[in-house]
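S.K.: model this:
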Amino acid sequence: MATETIDKSKVIRDAATVVLIRDADTKPRVLMGQRGAKAAFMPNKFVFPGGAVDKADHGLPLGDKGAEPCRTRLGEDAKDGIGPALLAAAIRELFEETGQILGTPGDWPTAPPPTWEGFARAGYLPSPDGLAFVFRAITPPGRSRRFDARFFVADAARIKTDPDDFSRAEDELSHLQWIPLSDVRDFDLPFITQVVLAEIAGRLPDLDAPASVPYFKNDEEESLFIRLGGQSPLA
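M.R.: Below is the predicted model of the structure:
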């Protein structure tokens, strides 16, 4: 029986990314790491921790539901019920790639999925408290991988772990470090990362949800820049 081959460049996967900001009101720094030279997507680039939503991210026992207006905006122009899974994915990816925990102390009501076992062993339930939805972008057509990425910003004071201890991190990102925003353009950044950082830097020290969320909507028909939160498409 023939096996159908899926073209990964045409599959758009939901994804979540965390932008942790430290010392936002004095000398702000952002947590970033470098992708490997052999990575299929954005090799060698310095990026925020993040990645695609897994099946196991759906239906997790979150420590809280997240704040408005972010919960509502996550559901705009999106799959039904995707919001909690995006929040969970953001927390999981942060933990996997940096070892940092956004959570609340507690026991899991059932055995955690394999991808969440390390998080659960640390004694926490995932909690999106403090995560603010600030940006959304779909990877343009023609790339080797495509993601519908939601970017969340949070104050590093929210994490439950030592912000300088990356010993629990997996090896997907190297050179993990807190980069001063004043120096970040000296690093090899993807274009969309530069755009997101500029958006966040323009609002500092405010790390709350913005009045509306910028959204680069690159689908097969057209590319639009719109805002989630009631505003009209922008030219």
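
S.K.: middle-most residue in this protein, spatially?
M.R.: Note on the chain: the residue nearest the mean C-alpha position is residue 17, at 0.9 Å, using Cα atoms, centre = their mean.

S.K.: Report the beta-bridge partners for that residue.
M.R.: According to DSSP bridges, the partner residues bridging residue 17 are residue 50, residue 151.

S.K.: mind listing what it touches?
M.R.: 47-51, 90, 93, 149-152 (Cβ atoms under 8 Å, 6 or more residues apart in numbering). C-betas here are computed from N, CA, C, even on glycine.

S.K.: nearest to residue 75, of those?
M.R.: residue 150 (11.2 Å; Cβ to Cβ).

S.K.: I'd guessed the closest one sits against residue 88; true?
M.R.: No: the pair residue 150 and residue 88 fails to qualify as a contact (Cβ atoms under 8 Å) at a distance of 12.0 Å.

S.K.: who's more crowded, those two?
M.R.: Taking neighbours as other Cβ atoms under 10 Å, residue 150 and residue 88 compare with residue 150 leading, 30 against 23.

S.K.: Give me the helices and strands touching the longest helix along the chain, please.
M.R.: Using DSSP state H to define each element, the chain has its longest helix at helix 83-98. Applying 3 or more Cβ pairs under 8 Å, 6 or more residues apart in numbering; DSSP states H and E, we find helix 83-98 packed against strand 12-22, strand 29-35, strand 50-52, helix 70-74, helix 117-121, strand 124-126, strand 146-155, strand 173-180.

S.K.: and it, C-alpha only, in CSV?
M.R.: Provided in CSV are the C-alpha atoms of helix 83-98 (Å, rounded to 0.1, in the frame of the first residue of the first chain):
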residue,chain,number,x,y,z
GLY,A,83,-6.1,28.9,23.5
PRO,A,84,-5.3,26.7,26.5
ALA,A,85,-3.1,24.4,24.4
LEU,A,86,-1.1,27.4,23.2
LEU,A,87,-0.5,28.6,26.7
ALA,A,88,0.5,25.0,27.7
ALA,A,89,2.9,24.7,24.8
ALA,A,90,4.5,28.0,25.6
ILE,A,91,5.2,26.9,29.2
ARG,A,92,6.4,23.4,28.1
GLU,A,93,8.8,24.8,25.4
LEU,A,94,10.2,27.3,27.9
PHE,A,95,10.9,24.4,30.3
GLU,A,96,12.3,22.1,27.7
GLU,A,97,14.6,24.6,26.1
THR,A,98,15.8,26.6,29.1
